[in-house]
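Q: Structure of the sequence below:
(chains A and B)
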Amino acid sequence: MEGIHVSIKAEELTRWLDVPITNTLLTSWLVVAFLIVFSLFVRRHVSLVPGKFQIVMETMFGGVQAFVAESLESVILAKRFTPFLITIFLFILIGNWMEFIPGVESIVFHTQDGEVVPFLRAINTDLNIPLALAIIAFITIETTGIMVLGIRKYAGKFFNFHSPVGLFVGLLELLSETIRLISFSFRLFGNIFAGSVLVAIITYLAPYIVPTPFLLFEVFVGLIQAAVFTLLTLFFIKLAIMETGH
Amino acid sequence: MEIFHAFGIEWKLLLIQVINFSIALFVLRRYAYKPIIAILAKREKELAEGVAAAEDAKKERGAISDEKETILRGAREDGGKIVDQLRKEATEKELFIMREAQEKSAVMIAEAKSKAEEERLYILRESEKEIARIAVLATEKILLAKTHGG
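A: You can find the predicted model right below:
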C-alpha cells in the first residue's frame, strides 16, 4: 500500500513560457471559469420580477452591502467595496470547496520527470494564492486609507513625532500592518492545508464512512475561512479609514 | 530565499493569481453585481415612488375630507339659518294673523254693539210711539166713557 504523500508546495505539471503550470494554478483557473459562468448565469436570470434564485442573490447582496455600510459607516464606501469583498469571499469559498469535488486531488498526472502528482489541488493549499489575495487585500486597505485620509494624515498614523511613545506606537502599527500580509496568508493557507492533510490521513486510515464527518467539517472550515478573510479585510479597511484618536 | 522556495512561492505565480482574481472581480462586477445593483436601485426607487404616491393620496384624502367637512358645516349652518328664518317668519305671520283676527273680531263686535244699540233705540222709539198711541186711545176711551156716562 502506498503511503501518504504530502507536499507543502503545489506540484508542477508542466512549464509554459518558463511559467510553472501547477495543479493549484489549474484549479484556480477552474474557479475563475466557474465564477465567469456564474456571472453569466446571474445576468441571464435577472429581471424586475425576481425568481427564487434572484431573491436569494438580491437578499445576500443587499444584506452584505448593508453590513458593509454599517461597518464602514458610509453607504458610498459600501457600494465601492461590497463587490470586491464578495468576490474575495466567493473566490476563496469556491477554491476551498473545489477540494470536495470527486476527482480533485485523486485524478493523477504523470509529469515529464515521471512523477505522479494530483492533476487538481485545492487552491488555498498553495501559499501563492493566499499570499496573492493577501497582497490584493493589503494594497486595497492601504490605498483606501491614503485616499480617504490623505497621504499626510495616513502616514501620520505610523510616523508620529509628537512624543517618543507616539513614535514607538506608530512604528508598532507599521510593523503590524506589514505582518498582516503574513498572518492573512498563513491563516488561510494553514487551515486549508491542515484540513486537506487531515482528510488525506483519515481517508488513508479508514477509507469508508469515517472521513465523512471530517469532510463535512472541512466544508465548514472552508466557509469560515472565506468569511474570516473577507471580514478581516473589511475591518482593516475600517481601521485604515479611521482617524487616530488623541 | 529559502522560505519562498520551501513554500513554492514564485512571483510569476503570484502575478498570475492577482490577474486571475482581477478577471474574476471584473467579470463578476460587470455581469453579476451590476445587474443586481441596478435592479435593487430600481426597486428601491419604485418603492420610494410608491410610498410618495401613497403619501400624496393620503394628503389628498385628508384635503378632500377637510373640504367635505367644510361643505357639510356650511350646509348645516345654512340649513339652520333657513330654519331659523322660516321659524321667525312663521311666528311673525302667526302674530299678524292673530292681530288681524283680533282686529276683525273687534270690528265685528263693535258693529254688533252699535247695531244692537240702534235696535234698542228703535225699539225704545217705537215703544214710546206705541205708548203714546195707547195713551191717546185710553184718553179717548176715558173721555168717551165720561161723555156717555155723564
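Q: Can you tell me which residue is spatially central in chain A?
A: For chain A, residue A:92 is the residue whose C-alpha lies nearest the centre (Cα atoms, centre = their mean; 4.0 Å).
Q: who's in contact with that one?
A: Contacts for residue A:92 (Cβ atoms under 8 Å, 6 or more residues apart in numbering or on different chains) come out as A:124, A:133, A:188, A:225-226, A:229-230. Using the backbone N, CA and C atoms, a C-beta is placed for each residue, glycine as well.
Q: Also within reach of chain B: list those from these.
A: residue A:133 (Cβ under 8 Å from any Cβ of the partner chain).
Q: Which of the contacts of residue A:92 has the largest number of neighbours?
A: Ranked by neighbour count (other Cβ atoms under 10 Å in any protein chain shown), the contacts of residue A:92 have residue A:124 at the top, with 32 neighbours.
Q: got a list of what that one touches?
A: Contacts here follow Cβ under 8 Å, 6+ apart; on that basis residue A:124 touches A:92, A:95-96, A:130, A:188-189, A:192-193, A:225.
Q: and the longest helix belonging to chain B, what does it pack onto?
A: As assigned by DSSP state H, the longest helix anywhere in chain B is helix B:34-149. Helix B:34-149 is packed against helix A:23-45, helix A:52-72, with contacts defined by 3 or more Cβ pairs under 8 Å, 6 or more residues apart in numbering or on different chains; DSSP states H and E.
Q: Repeat the analysis, applying 6 Å as the threshold.
A: With contacts taken as 3 or more Cβ pairs under 6 Å, 6 or more residues apart in numbering or on different chains; DSSP states H and E, helix B:34-149 sits against helix A:52-72.
Q: does chain B sit close to the helix it packs on?
A: Yes - applying Cβ under 6 Å from any Cβ of the partner chain, one finds helix A:52-72 in contact with chain B at A:57-58, A:61-62.
Q: Those residues: which two are farthest apart?
A: Farthest pair in these (Cβ to Cβ) is A:57 and A:62. Separation: 9.2 Å.
Q: So for these two, which residue has more residues nearby?
A: Legend: neighbour count by other Cβ under 10 Å for residue A:57 and residue A:62, higher for residue A:57 (20 against 16).
Q: got the contact list for the more buried one?
A: residue B:36 (Cβ atoms under 6 Å, 6 or more residues apart in numbering or on different chains).
Q: quick one: it from residue B:95, how far?
A: Separation of residue A:57 from residue B:95 (Cβ to Cβ, to the nearest Å) stands at 88 Å.
Q: any idea of the mean pLDDT for the longest helix of chain B?
A: For helix B:34-149, the mean pLDDT works out to 91.
Q: and the angle for that helix with helix A:52-72?
A: Angle, helix B:34-149 to helix A:52-72, by axes from the mean of the first three to the mean of the last three Cα atoms, to 10 degrees: 90 degrees.
Q: Quick one: distance of helix B:34-149 to the chain centre.
A: 23 Å (Cα atoms, centre = their mean, to the nearest Å).
Q: Low-confidence stretches in chain A?
A: Counting by pLDDT under 70, chain A contains low-confidence residues at A:1-3, A:244-246.
Q: Show me which residues of chain A sit near chain B.
A: Residues of chain A lying near chain B (Cβ under 6 Å from any Cβ): A:9-10, A:19, A:28, A:32, A:35-36, A:39-40, A:42-43, A:46, A:57-58, A:61-62, A:83, A:87, A:91, A:127-129, A:132, A:136.
Q: Drop anything exposed from the residues you listed.
A: Buried members of these, counted by 16 or more other Cβ atoms under 10 Å in any protein chain shown: A:9-10, A:28, A:32, A:35-36, A:39, A:42, A:46, A:57-58, A:61-62, A:83, A:87, A:91, A:127-129, A:132, A:136.
Q: my read: residue A:31 touches residue A:93, true?
A: No - counting by Cβ atoms under 6 Å, residue A:31 does not reach residue A:93; the two are 9.4 Å apart.
Q: So between these two, which is more surrounded?
A: Neighbours were counted for residue A:31 and for residue A:93 using other Cβ under 10 Å; residue A:31 has more, 23 against 19.
Q: quick one: which of the contacts of residue A:92 sit in strands?
A: Applying DSSP state E to the contacts of residue A:92, no entry is found in strands.
Q: what would the contacts of residue A:92 look like in CSV with distance to residue A:52?
A: What follows is the contacts of residue A:92, written out as CSV (distance: Cβ to Cβ, whole Å):
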residue, distance to residue A:52
A:124, 31
A:133, 31
A:188, 32
A:225, 28
A:226, 24
A:229, 29
A:230, 25
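Q: Filter the contacts of residue A:92 down to just the ones in helices.
A: A:133, A:188, A:225-226, A:229-230.
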